[in-house]
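Participant: just the structure for this:
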Amino acid sequence: MRLRMFHHFTEGKRSEAEIAQLIGVAPRSLYYHIRILLDVGLIQQVGVRHVAKKPQAIYEATSGRILLDSKQAGAQSRKAIAQNIKSVLRIAAREVEAALSSEEAGASDWGSMTRQRLCLTEESAVAFRVALDALTDAYSKQVEGGKTVCFTAVLAPRLGKNR
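Facilitator: Numbers count the residues shown, from 1 in each chain. Alright, predicted model coming up:
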């Protein structure tokens, strides 16, 4: 739920009610999730809008990127990271499926999947990640007339020799 909410906050400034409508749930059911996203710093309040004389807080994502890094995580955190990665991959699969079944002109042309096995040393894995971050930063700028695409990358070591 929080990942889906975060995704909508990356698209622009939104209220709790707007997110609820996009996701299809009651606004009151999002209060807890909004607080968690605020507490961990993934979103921030950027204003207040008055609708029918009621104030609505407006939030936006602090970044368009979520990075889950297991380097300094304990066993409990690593388990949570694995669960979050599964959620992100499910969301990515839903987005690709929606694009492939869309009637919108050219919508299905953007959906793709690549899985590549790389044999990297620890140093080259760090360099790869830095290069990937630089590439995503370079393309993260909004382009007039451009389409929004979501990019998901998972870097995970394969265990065992020559697997």
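Participant: so for stretch 62-77, mean pLDDT?
Facilitator: Mean pLDDT, stretch 62-77: 73.
Participant: same deal with stretch 91-100?
Facilitator: Mean predicted confidence for stretch 91-100 is 79.
Participant: just how off-centre is that stretch within its chain?
Facilitator: Relative to its chain's centre, stretch 91-100 lies at 13 Å (CA atoms, centre = their mean, to the nearest Å).
Participant: just the CA atoms of that stretch, as CSV, please.
Facilitator: Provided in CSV are the C-alpha atoms of stretch 91-100 (Å, rounded to 0.1, in the frame of the first residue of the first chain):
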residue,chain,number,x,y,z
ILE,A,91,4.0,-3.2,-8.8
ALA,A,92,6.4,-3.2,-11.8
ALA,A,93,4.7,-6.3,-13.2
ARG,A,94,1.3,-4.7,-12.9
GLU,A,95,2.5,-1.5,-14.6
VAL,A,96,4.0,-3.5,-17.5
GLU,A,97,0.8,-5.6,-17.8
ALA,A,98,-1.4,-2.5,-17.9
ALA,A,99,0.8,-0.9,-20.6
LEU,A,100,0.7,-4.0,-22.7
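Participant: buried ones in that stretch?
Facilitator: For stretch 91-100, a neighbour-count test (16 or more other CB atoms under 10 Å) marks Ile91, Ala92, Glu95, Val96, Ala99 as buried. Backbone N, C-alpha and C define where each C-beta goes, glycine included.
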